[in-house]
Every structure is written in structure tokens, then in C-alpha cells.
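Engineer: Fold the following for me, if possible:
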Amino acid sequence: MKLKLFYKIFIANLGILFVFVLAMQGVNYFSKKSLIDNFVVEFESQRMIELSELLQRYHFQHGTWDELIQDPQKWRQLLLGHLTQMGPFPRNRNMQDARPQPPFSMRPPTDKPIFDDAQRAQPRQSLFDNGRRFNRIEPHLKSFVSRVSLLDSDENTLIGNANNRQAFIKIADGDQTIGWLALSERRDPASHMFDRYMQQQQKETMWVAAIGGVVAVIFSLLLSRHITAPIKQLTTGASLLAKRQFTTQISVQTNDELQTLANSFNQLSSELLSYEIRQKQWLMDIAHELRTPLTILNGELEAIIDGVVSATPSAIASLKEEVAIMTRLVNDLHQLSLLDSTEFNYHHQSFNLVPLLNGHIQKYALKLAQRQIKIASSIDDRPLWLNADQERLSQVIQNILENVFRYVDSGGQLYINATRLEKLIVIDFDDSGPGVSPSAMTKLFDRLYRTDSSRNRKTGGAGLGLAICKMIVEAHQGNIIASQSDIGGLRIRITLPLGASNEQTA
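Structural biologist: Numbers count the residues shown, from 1 in each chain. Here you go, the predicted structure:
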């Protein structure tokens, strides 16, 4: 089953966000667990130090552990009362001499006594008359006290169960060891405080995850629609183009690659529309150009068949002239089709343009003289090297000179100038007229275009010569333009890039 792109993007976004939420949940859980574990170790370390000080004072006041051993309830009250009075966090005091580094070592680093003689001289107070309230003792303190054991100096258990001991701390009176305080390992991996804290955090995190999930769904929907909406427009537009509806345009305002793609699509659509219009006009023009000589041929042949016109040499010459017009049109069309083909290859070679120009000038001098058209030239004395297809450029020069022969009035002039201009070779063909109107100047290179004043069937061709010239020149990275001549007619200017050999003769 095919899945639409919208749903693919939507599912992918949800998947990424879901994995992200799970990862954050995991990181949050384990980081907090590690933090709480470290806190519990530090908490228990501090409490053990506080209790060791408490028991040292107790032994200092009573001189024995007997009362606590005989009444375990007093042991619990003593420890719980002191821990409750201390609050949830122990005092921040300097205990370098009495406090081991967590986790506890099996023996304290020094045997230095906690209390000096000045402290011993202080008034003795009872350790049981502090007015503590045991009904508000936190469960984690009860659990902690149940793990605390008292050992004598030989590490024999006096109070509590000292199995699975996690840590020891010595209770000393001066240099004399009066006992040991032991802490058993926790039975569960987390304390009650940790459990309650993590449960609360889990609830809060689940609410955050739920809200984030809703936001993620909305965001994924909007993002998926934002991405797929332009693609849907492009798909619809492409379907319309396939049906030759080249007026199709789409509007995408996303300011990203999709908008660039939509603009390219619109440009393609416009180009296809323009191409279709030109192609239809092209076919209509070809049909018109072929229909005229065919109509004339058909009429003259019917006249000969019907005996209206005799098959005289002049009649046959007229038929031959129409055939020649058709032949020239077909040849020009064949040339255009070759130049349009992407498989057509130009044979570039390095050659000097000067001999080529002089050769064509000499060739057409006699032909132009038949119509009393004078030709003059001004060609650079230095070699004009080109890297081009010599045969195709020769065809360009012939087409321009042929147009001069056909269109320039008798008794006119033609002036040819060829020179270097920076990194270009510039060739100008100036004739004396008739000229071309400014509105028609840009259309001279269109296929099958002929001006009413200077081009007709009798003197001109089908309007393909300059179109062929334009294609050849542009294929050589050059340019060809038409403008008004200084001597009254038309100027055709051709610019071509210099060849590498010109650098040696500069």
C-alpha cells in the first residue's frame, strides 16, 4: 500500500519527537537517581558523624552503654530525637578530623579525639530531655535508625543487627576506643525519600510529556502540510502541463527551495507556452511559404495541360523558378533543423579571418557589380585569429552578402569593416538601403520574417537566412545585431571572441 508523503513526514516527525521524549525521560530519570544516590550517601555520612558525636557525649555522661543495651526503646528515642532535631539537612561544619570521606572507610583516617579538655569541662546535660516529638518523625529516619548498630571496642554487637555492614565509624574518648557505630546496607536500592521524590517527578514529567506530545502532533501536522502543500501544487501543475495546458501557473510563498522550484516550474510553463505559440506560427509560415509556389506551379501546369499556355521555354523557366524557390526554402529548413539538433557538432579550428573575408569580397564584387552596387572594405592589417568552424562562418558571410545583393537598391553601396576591439573581433556590414523600420529591427533574425518594404518573393527568400546566421554566431559564443547604418541602410554587426593565436600577434 502506498503511503502519501504527508503521512510519511507526519509519522517521521512524531517518531523523532517520541524518541526524543523517551531519551529525555531516561536521562532525567537516571541523572536524578544518580543525584539522589549521591545525596543519600552524603546524607547518611553526615548523620553517622552526628550520631557518633551524640554517643560520645552520652558515654561521657553515663560512663557505660548499659542503659541503652537494657532498653532498646531508649536507643531508638535517643537516635531519632537527635536526628529529628537536626532537621532534614545536617549542619555544615568542619569535621576533617572526625568525619571519613563517603563512602565510609572501614577505619577513620585518624584517632584524634573529637572533644578536648575545654569541652569536657562544660556542664553535663541530659540527652533525653530535649522535648522532641516522635510522632512527626520522617519514615526515612526510622529506616535509617533501624540500620544503625552499636558495637563495643572489640567490634562485638551490643545493639542492633550489624550484618552486611556498609560502614564503620569509631567512637573515641581521647585515645581510648569506647565503641564502634556500624551502618548496614539498605535492603532496597532506594530510600523512601527517594521513592517519593521520584514518583512526584515521574508524575510531573508525564504531564510535561503529554503536553509536549499534543504540541508535537500539532507541530507535525503544520510542518507536514507546509512541506506537502507546494508539492501537491507542483504535482497538479505537472499533470496539467502533460495535458498541454501551458498557461498553468502555481503560487508558492515559502521563501525556500520549494518556492524556487515553483518559480522554475512557472518559468518552464511560460517557456513551453511561448514555444508552442512559436511552433504553431512556424508551421503556419512554412505552410504559407510552400503553398504559394505550389499554387503557382499547379496553376501553370493546369494551363499547359488545358492548352491555355504553350509549353514554351519561358513557361518552363517560370516553373523552374518556382521549383528553385521551393528548393531554397527546403534547404534552409534543413539547415535550421540541423543547427537546432543537439547532435550537431561544430568543427572548431584555428584560422585567420582576414583571408576568408577577402575571398568572399572578391567573389561577390562581380555579382554586386551586376546591380551597380559598389563594395569597399577596411580590414585590420593584423591577422584576426579565430577558433571556430570555418565552413559555418563562411556560410554566415555568404548569407549576409546574398541579402545585400537581393535587397539593396541598384546603384547602392556596401562597406565592410573588420577590426579588433579588446578581446573581440568586430565585423560590420553597412549598406545604403533601403533601411528597416526600428520596430522591425529586432525581428529580422526571427524565422520566416520578412519586411514589407524590402523583402518579397521576387527579390528575397523565405526569411531564414539571418535566422541561420544568428544560430551559427551564437553557437560560437558571439553576437549578431541589426541597427541603422550611417550611410542610410542597414548595419549588421557580428562580434566573435578572439582566438588564442591573437596573443602572439598583439
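Engineer: so what's residue 59 closest to, chain neighbours aside?
Structural biologist: In this structure, residue 59 finds its nearest non-sequential neighbour in residue 178, 5.3 Å apart by Cβ to Cβ, 6 or more residues apart in numbering. For glycine as for every other residue, the C-beta is placed from the backbone atoms N, C-alpha and C.
Engineer: separation between the one you found and residue 224?
Structural biologist: Separation of residue 178 from residue 224 (Cβ to Cβ, to the nearest Å): 75 Å.
Engineer: So for these two, which sits in the more crowded spot?
Structural biologist: When residue 178 is set against residue 224 and neighbours are counted by other Cβ atoms under 10 Å, the residue ahead is residue 224, at 21 against 18.
Engineer: Give me the pLDDT value at the more buried one.
Structural biologist: Residue 224 carries a pLDDT score of 76 in this model.
Engineer: ok, then the element right after the helix or strand hosting residue 22?
Structural biologist: Assigned by DSSP states H and E, residue 22 belongs to helix 5-62. Note on helix 5-62: by DSSP H and E, the next helix or strand toward the C-terminus is helix 66-70.
Engineer: Who are the packing partners of the next helix or strand along the chain from that following helix?
Structural biologist: Next in sequence after helix 66-70, counting helices and strands by DSSP H and E, comes helix 72-86. On a contact count with 3 or more Cβ pairs under 8 Å, 6 or more residues apart in numbering; DSSP states H and E, helix 72-86 meets helix 5-62, helix 66-70, helix 139-146.
Engineer: Need the residue closest to the centroid of the chain.
Structural biologist: In the chain, the centroid-proximal residue (Cα atoms, centre = their mean) is residue 257; its distance is 7.4 Å.
Engineer: ok, that one - contacts?
Structural biologist: Residues near residue 257 by Cβ atoms under 8 Å, 6 or more residues apart in numbering: none.
Engineer: repeat for residue 17
Structural biologist: 212-213, 216, 219-220.
Engineer: per-residue pLDDT, it?
Structural biologist: Residue 17 is assigned a pLDDT of 73 by the prediction.
Engineer: How much space separates it from residue 209?
Structural biologist: 10 Å.
Engineer: Which one, of the helices and strands packed on helix 72-86, ends up nearest to residue 466?
Structural biologist: For residue 466, the closest of the helices and strands packed on helix 72-86 is helix 5-62, at 49.9 Å, according to Cβ to Cβ.
Engineer: And for stretch 223-242, what's in contact with it?
Structural biologist: Under Cβ under 8 Å, 6+ apart, the answer for stretch 223-242 is 4-7, 9-10, 13, 248-252, 254, 258-259, 261-262, 265, 268-269, 272.
Engineer: Please pick the buried ones from the residues you listed.
Structural biologist: Those of these that meet the buried threshold are 6, 9-10, 13, 248, 250, 252, 258, 261-262, 265, 269, 272, by 16 or more other Cβ atoms under 10 Å.
Engineer: among the residues you listed, which two are most distant?
Structural biologist: 13 and 272 (36.2 Å).
Engineer: where along this structure do the helices fall?
Structural biologist: Assigned by DSSP state H, the helices in the chain fall at 5-62, 66-70, 72-86, 117-120, 139-146, 192-242, 257-305, 313-340, 353-369, 390-407, 438-441, 465-475.
Engineer: ok and the third one relative to helix 5-62, angle-wise?
Structural biologist: Angle between the axes of helix 72-86 and helix 5-62 is 120 degrees (criterion: axes from the mean of the first three to the mean of the last three Cα atoms, to 10 degrees).
Engineer: again with the fifth one
Structural biologist: Going by the same axes, to 10 degrees, helix 139-146 is angled at 50 degrees with respect to helix 5-62.
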